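Engineer: When you get a sec, could you give me coordinates for this:
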Amino acid sequence: MNPHRYDPRRYQEALEFALRAHEGQFRKGSDVPYITHPVAVSAILAQYGYGEDLVVAALLHDVLEDTVATAVELEKKFGDDIASVVRGVTEEKTDARGFPRPWEIRKEEALWHVGLAEEQVVALKAADALHNVYCLVRDMRMTGNSIWARFKRGKEQQLAYYRRLSSVIRKRLKNNLLALELCEAVNILEKSALEGRV
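Structural biologist: Just a heads-up that it's a prediction; the model follows:
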C-alpha cells in the first residue's frame, strides 16, 4: 500500500505542462501520443510507493530533452527539487554548436550518471527504462524483430544498453522491487529478441 497522498491539482498542473510541451510528438515509429510514456512512468513510480515530487517529476522527465521547455521554467513552476531530478535524467542530445551528439557517447554518459546520481534520479531512470522495455516486448509480439529499424542503433546495441543499465540500477537500488522488475523485463526482452517474436 502506498503511504503517500498526492495533491491532484499539482499532478494536473504537471500533466498539463507536459501535454503542452509534448504536443504533436509521438512514440518512436508509431502514432501513439508521446504523453502516454511520461504518464506511464509516473504511474509506475506511484504504484511502487514513491512520493509526490518524484511522481510529478516523472510526468516532466522528458521535457528538457525533447521539447523547448527550459530548466528555469521547471524551477519556477515546480520547484528546485523536481527540476533537479528532471535534469538528472536528461541527455544532452546536441553539442554547443547544435549538432547531434553520438548515441554511444550519450548512453555512456547516462550509464555513468546513473551510477552516481541520487536515488530519486535512479528510480526515475528505472521506471523510464521499464516502460520502454515493456513497450519493446509488446511491439515484438506484434511485429517481430523489424521494430529495431526504428532506432538509431540496432538490436545488439539496444539490448547491450538495457542490459548494462539494468545492472547499474540493480547495484544502486539493491533488492528494490522496481529494480528487480526492470531486470526481469530486460531478460524477457533479450529472450524475445533471440526468438524474433514471443
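Engineer: Give the rounded mean pLDDT of the host helix or strand of residue 131.
Structural biologist: Residue 131 is part of helix 119-143, with elements assigned from DSSP states H and E. Per-region confidence: helix 119-143 scores 95 on mean pLDDT.
Engineer: Tell me the buried residues in it?
Structural biologist: Neighbour counts over helix 119-143 (16 or more other Cβ atoms under 10 Å) mark 120-137, 139-140 as buried. Placement of C-beta: from N, CA and C, glycine included.
Engineer: and after that helix, which helix or strand comes next?
Structural biologist: helix 155-173.
Engineer: Now do the same for residue 5: helix, strand or coil?
Structural biologist: Put simply, residue 5 is coil when judged by DSSP: H, G, I helix; E, B strand; the rest coil.
Engineer: give the contact list for the nearest residue to it once chain neighbours are set aside.
Structural biologist: Here the nearest residue to residue 5 in space, its sequence neighbours aside, is residue 52; by Cβ to Cβ, 6 or more residues apart in numbering that works out to 7.8 Å. By Cβ atoms under 8 Å, 6 or more residues apart in numbering, the contact set of residue 52 is 4, 5, 6, 7, 10, 11.
Engineer: For residue 38, the count of nearby residues, please.
Structural biologist: 24 (other Cβ atoms under 10 Å).
Engineer: A helix includes residue 10, no?
Structural biologist: Yes - assessed with three-state DSSP, residue 10 lies in a helix.
Engineer: Around it, how many other residues sit close by?
Structural biologist: Neighbours around residue 10, by other Cβ under 10 Å: 15.
Engineer: Please identify which helix or strand holds the closest residue to it other than its chain neighbours.
Structural biologist: Once flanking residues are discounted, residue 10 sits nearest to residue 56: 6.1 Å by Cβ to Cβ, 6+ apart. Using DSSP H and E, the secondary-structure element containing residue 56 is helix 52-59.
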